[in-house]
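[1] Sequence and predicted structure, then a few things I'm wondering about:
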Amino acid sequence: MQVEQQVTYTLELNGKIFVIENVPARVDEETGEQFFSPSTVEHLQQIIMTGQAPDQFTEVQVYKYAA
């Protein structure tokens, strides 16, 4: 079963570690796999490209698109 949660997303890029809190995701309770909506993925790509996190994620509905 999948549940909607706010997750912490961590990634390393070019020696920089990004820890992004309160990212909306749908999480599979059995496997822990996280799925992100297209606009959330776009926000994450913005963070990677600019090195700056947006003030907040505005996406509410989470679709089954893996990041």
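    The structure has been received and is ready for your questions. Only a predicted model underlies this, so the values are computations on that prediction, with no experimental measurement involved.

[2] any idea whether residue 42 is helix, strand or coil?
    helix (DSSP: H, G, I helix; E, B strand; the rest coil).

[3] Count the residues that sit near it.
    When counting by other C-beta atoms under 10 Å, one arrives at 11 neighbours for residue 42. Yep, even glycine has a C-beta here, placed from its N, CA and C like the rest.

[4] go on, residue 20?
    Neighbour tally, residue 20, other C-beta under 10 Å: 17.

[5] Apart from its chain neighbours, what residue comes closest to it?
    Once flanking residues are discounted, residue 20 sits nearest to residue 9: 4.5 Å by C-beta to C-beta, 6 or more residues apart in numbering.

[6] shouldn't that neighbour be in contact with residue 23?
    Yes - when contacts are counted by C-beta atoms under 8 Å, residue 9 is listed as touching residue 23 (4.6 Å).

[7] helix or strand for the residue nearest to residue 20, which one?
    strand 2-13 (DSSP states H and E).

[8] Tell me which other helices or strands that strand touches.
    Packing partners of strand 2-13 (3 or more C-beta pairs under 8 Å, 6 or more residues apart in numbering; DSSP states H and E): strand 16-28, strand 34-35, helix 38-50.

[9] Report the strands that pair with the second one, each with its relative direction.
    The strands that strand 34-35 pairs with in its sheet are strand 16-28 (antiparallel) (by DSSP bridges).

[10] And the strand it pairs with, how far out from the chain middle?
    Strand 16-28 sits 4 Å away from the centroid of its parent chain (C-alpha atoms, centre = their mean, to the nearest Å).
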